[in-house]
Each structure stands twice: as structure tokens, then as C-alpha cells.
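1. Give the three-dimensional model of this entry:
(one chain, ligands or ions: 3)
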Amino acid sequence: MAPYIHPLIENGITQGSDSFSGGKLHCHCASNQVEITLNSNVAHNHACGCSKCWKPSGSLFSIVGVVPRDAVSVTANASKLRIVDKEATIQRNACKDCGVHLFGRIEKDHPFKGLDFVHVELSDKKGWQEPQFAGFVSSIIEQGSHPKEMDEVRARFKAVGLQTYDVLSPVLMDLISTFTAQKAGIRFANL
Ligand SMILES: N[C@@H](CCC(=O)N[C@@H](CS)C(=O)NCC(=O)O)C(=O)O
Ligand SMILES: [Zn+2]
Ligand SMILES: [Zn+2]
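-> Ligands and ions are numbered 1, 2, ... in the order given. Next up, the predicted model:
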């Protein structure tokens with residue numbers, strides 16, 4: 001059986017709009033949905049195969065992007081949110097009833113602090129940035145995907161025009177290493 005990556009990929013990638021300025025995300029509860037409002041489009045939207053990012057049922061990957069945390073507000077049923085793992089770098093706020101992750105936030109010193117991680121399929125609007133690449137691809141093996149299926153998974157991404165990486169894209173890896181270098185006292189001119 002062909003690997004099922006994620007609805008935003010399997011239903012055909014919809015290109016985002018440059019003028020799109022955000023919308024509301026809802027959890028999967030039938031009533032009293034948790035709602036968050038984003039006053040921004042996402043950036044660095046990508047498929048993530050890691051075990052910690054929320055995936056819709058039947059999908060091998062999560063699709064996750066970032067927004068400035070100032071652009072995120074919880075606008076309904078905040079009392080249903082709980083942090084999945086308080087020790088994790090990304091504190092993923094999930095609905096305690098349906099399990100959907102609404103937003104992930106970084107509180108510790110980190111290159112991506114200030115950005116919240118969100119899943120745009122929780123919105124019914126169009127215009128969100130389309131997925132740009134796939135990261136943490138090999139991590140799906142840790143959740144039970146057979147190692148021999150990996151060629152097929154990577155080929156599926158390639159077929160829809162997305163590069164695959166086993167950590168993050170070069171742009172994001174460079175951002176992380178730049179932050180680490182600066183922490184160690186290295187100064188770069190003209191960044
Ligand atoms: N192979 C590990 C990778 C986990 C991982 O490092 N995830 C990345 C991508 S979301 C991360 O930045 N995690 C930080 C965190 O979860 O707090 C897994 O699948 O659990
Ligand atoms: Zn819910
Ligand atoms: Zn992840």
C-alpha cells in the first residue's frame with residue numbers, strides 16, 4: 001500500500017497566498033472546540049516525521065509551520081489546553097479531550113524562541129503557506145514504519161516536489177548553528 005503522508009499533501013498541495021494574513025484554528029472536538037486565532041500566515045511550513053509533532057489519524061507525517069508568538073491568541077475554551085511534555089523544548093499545547101495540538105511554544109533560550117508551532121489543517125481557510133520540505137523523515141521508523149518503506153516515502157515527497165531531510169532543511173540548520181556559534185562568542189559581519 002502506498003504511504004499516506006498527510007491530507008495537505010495527498011489531496012494536492014494548494015499554493016499559499018502572499019497577501020494571506022491568518023485565521024482561526026480549531027481542535028477536533030464536536031462541541032466546545034478550543035480555538036486559537038493567528039494574525040499571521042505561517043512560515044517554514046513543512047512535513048515533520050518526528051514522534052512529538054501532532055499528526056492527523058492515518059497520516060505518517062505532521063505538517064507544522066511557525067508564526068510569531070505575538071500573533072497567537074487562544075480565543076475559545078483555553079481551559080481545555082494542557083502541555084503534553086513540560087520538559088520538551090517545544091511545549092505543545094493540546095486539547096485534553098480530542099488530543100489535537102493547537103500550538104507549540106518555546107520558553108527556553110533557543111534559536112526558534114518567539115515562534116509558535118502550528119498545524120494549518122486545523123483551519124478551514126485557504127491561503128496558508130504550502131509545505132516547503134519534509135524534515136525528520138527517518139524518524140517515522142521509530143514509530144513503526146518499516147525501514148524498507150523509506151525509499152517509497154521519500155519518492156512520494158519527491159513526486160510532489162518536496163525535498164526530504166532527516167533533520168531540518170539547510171536554511172533552518174544554518175539558523176540553528178548560527179545561533180549556537182553566537183552563543184559561543186563568534187561574531188559574524190554582515191549577517
Ligand atoms: N527522532 C526523534 C526526533 C524528535 C525531535 O528532535 N523533533 C524535533 C522536530 S519537531 C524537535 O525539534 N523537537 C523539539 C521538541 O520536540 O521539543 C523522534 O521522532 O522523537
Ligand atoms: Zn478538542
Ligand atoms: Zn516534529
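
2. what's the residue closest to the geometric middle of this structure?
-> Nearest to the geometric centre of the chain sits V64, at 1.5 Å (C-alpha atoms, centre = their mean).

3. Regarding that one, what is its secondary structure?
-> strand (DSSP: H, G, I helix; E, B strand; the rest coil).

4. what's the spacing between it and Q132?
-> From V64 across to Q132, the span is 11 Å (C-beta to C-beta, to the nearest Å). For the C-beta atoms, the positions are set from N, CA and C on the backbone; glycine is no exception.

5. Name the residues contacting each of the two.
-> Jointly contacting V64 and Q132 under the rule C-beta atoms under 8 Å, 6 or more residues apart in numbering are N45, H46.

6. Run through the residues of the protein sitting next to ligand 1.
-> Within the chain, the positions adjacent to ligand 1 are C48, C50, S51, K52, C53, A88, T89, I90, F136, S139, E142 by C-beta under 6 Å from any ligand atom.

7. Which ones among the residues you listed lie within strands?
-> Within the residues of the chain next to ligand 1, residues falling in strands by DSSP state E are C48, I90.

8. check the residues of the chain next to ligand 1 against ligand 3, which are close?
-> By C-beta under 5 Å from the ion, the members of these lying near ligand 3 are C48, C50, C53.

9. Please tell me which one of those counts the most neighbours.
-> C48 (24 neighbours; other C-beta atoms under 10 Å).

10. Could you pull out the strands in this structure for me?
-> Remark: strands assigned in the chain by DSSP E are 23-26, 35-38, 43-48, 62-68, 72-76, 81-83, 90-95, 101-106, 115-118, 133-135, 163-164.

11. that older thread, which of the residues of the chain next to ligand 1 count as buried?
-> By neighbour count, with 16 or more other C-beta atoms under 10 Å, these hold C48, C50, K52, C53, I90, F136, S139 as buried.

12. Out of those residues, which two sit at the greatest distance?
-> Distance extremes for those: the farthest pair is I90 and S139 at 14.5 Å, using C-beta to C-beta.

13. Dump stretch 123-138 to PDB, keeping only the CA atoms.
-> C-alpha atoms of stretch 123-138 as PDB (Å, rounded to 0.1, in the frame of the first residue of the first chain):
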ATOM      1  CA  SER A 123      -8.200  26.000   9.700                       C
ATOM      2  CA  ASP A 124     -10.900  25.800   7.000                       C
ATOM      3  CA  LYS A 125      -9.300  28.800   5.200                       C
ATOM      4  CA  LYS A 126      -7.200  28.700   2.100                       C
ATOM      5  CA  GLY A 127      -4.000  30.900   1.700                       C
ATOM      6  CA  TRP A 128      -1.700  29.300   4.300                       C
ATOM      7  CA  GLN A 129       1.800  28.800   3.000                       C
ATOM      8  CA  GLU A 130       2.100  25.400   1.300                       C
ATOM      9  CA  PRO A 131       4.600  22.800   2.700                       C
ATOM     10  CA  GLN A 132       8.100  23.700   1.700                       C
ATOM     11  CA  PHE A 133      10.100  20.500   2.600                       C
ATOM     12  CA  ALA A 134       9.900  17.300   4.700                       C
ATOM     13  CA  GLY A 135      12.100  17.000   7.800                       C
ATOM     14  CA  PHE A 136      12.800  14.200  10.400                       C
ATOM     15  CA  VAL A 137      11.900  11.700   7.700                       C
ATOM     16  CA  SER A 138      13.900   8.800   9.100                       C
END
